[in-house]
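[1] Please find the sequence and the predicted model below.
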Amino acid sequence: MACLESNLHIHLSLLQVLKRLEKHREKTHLHHAIDAVVVACTDNGMIHRITNYHRMKESNKYRKAPAFPQPWDNFRDDLFGHINTWPRPEKILQALNSNQPLPHYMMVSRMARHSVTGLAHKETIMMHGGVEENSGRTIGVKRVALQDIKFDKNGDFLMVNKDTDPATYEAIKTRFLQHNGNQKKAFAEPLYKPSKKDKGNPIRRVKVEVERIHI
């Protein structure tokens, strides 16, 4: 327990250093990336340095408080430089439409945060996506082929984790609109995931929200 409390204390201390990076916490999931960096940096050497920092700070032997130790020089600036970019769908769509290289952004892979209760709808073979926090609706999630996606007139559709993988979403939407809503023609040829280098992996199926049942 003491070891756990020590690591939590170190974790929170590092988060104080990274506090300004959480400015866009509600718009992105980059705080998960910050947490991963914090965990990776919390080794025995870092624990020892932070312990000495608090020991010196509490001893009152120094007129000026010692600087909080960082994993390496310019750690905060380096981390901020890498994480200060997040997906901007409009920029990705512009690049796809003009056949330009995709803009740099960091994509955080994460599990959906839903409370899982109840059973999936018995008439549909689907994954149970959980319960929507605000409305209390059950979310049904199903993997469907691109030809079976239900688009609206603007080419939008209910893709799961659209906010964390906008490049895939915009690629599918763009292909659909390029063929004037004819899904059979739009996806007759393979569609590949946008990539900065070579051709990306083929996109055959995506997870979509297919039904919401009020409970």
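    Alright, I've got the coordinates.

[2] Helix or strand with the lowest mean pLDDT in the chain?
    When each helix and strand of the chain is scored by mean pLDDT, DSSP states H and E, helix 2-17 comes last, with a mean of 44.

[3] Show me what secondary structure element comes after that helix.
    Note on helix 2-17: by DSSP states H and E, the next helix or strand toward the C-terminus is helix 30-41.

[4] Report the backbone C-alpha coordinates of that following helix in PDB.
    What follows is helix 30-41, C-alpha atoms only, in PDB (Å, rounded to 0.1, in the frame of the first residue of the first chain):
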ATOM      1  CA  LEU A  30      -4.800  13.300 -25.100                       C
ATOM      2  CA  HIS A  31      -4.800  13.200 -21.300                       C
ATOM      3  CA  HIS A  32      -4.600   9.400 -21.700                       C
ATOM      4  CA  ALA A  33      -1.300   9.900 -23.600                       C
ATOM      5  CA  ILE A  34      -0.100  12.100 -20.800                       C
ATOM      6  CA  ASP A  35      -0.900   9.400 -18.300                       C
ATOM      7  CA  ALA A  36       1.000   6.900 -20.300                       C
ATOM      8  CA  VAL A  37       4.100   9.100 -20.400                       C
ATOM      9  CA  VAL A  38       3.800   9.700 -16.700                       C
ATOM     10  CA  VAL A  39       3.700   5.900 -16.000                       C
ATOM     11  CA  ALA A  40       6.600   5.300 -18.300                       C
ATOM     12  CA  CYS A  41       8.700   7.900 -16.500                       C
END
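
[5] Next SSE downstream of it?
    The first helix or strand that comes after helix 30-41 along the chain, using DSSP H and E, is helix 44-59.

[6] Quick one: mean pLDDT over that following helix.
    Averaged across helix 44-59, the pLDDT comes to 79.

[7] relative to helix 30-41, how tilted is the following helix or strand past it?
    Proceeding C-terminally, helix 44-59 gives way to helix 75-83 as the next helix or strand, assigned by DSSP H and E. Helix 75-83 runs at 140 degrees relative to helix 30-41, counting by axes from the mean of the first three to the mean of the last three CA atoms, to 10 degrees.

[8] Tell me the buried residues in the next helix or strand along the chain from helix 75-83?
    Using DSSP H and E, the next helix or strand after helix 75-83 towards the C-terminus is helix 89-97. Of the residues in helix 89-97, those buried by neighbour count under the rule 16 or more other CB atoms under 10 Å are Lys91, Ile92, Leu93, Ala95, Leu96. (Each C-beta comes from the backbone N, C-alpha and C, glycine too.)

[9] what does stretch 152-162 give?
    Result for stretch 152-162 [16+ other CB under 10 Å]: buried residues Gly155, Phe157, Leu158, Met159, Val160, Asn161, Lys162.

[10] rewinding a little: okay, the buried residues of helix 89-97 in JSON lines with distance to Val208 next?
    As requested, those are exported to JSON lines (distance: CB to CB, whole Å):
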{"residue": "Lys91", "distance to Val208": "24"}
{"residue": "Ile92", "distance to Val208": "19"}
{"residue": "Leu93", "distance to Val208": "19"}
{"residue": "Ala95", "distance to Val208": "24"}
{"residue": "Leu96", "distance to Val208": "20"}
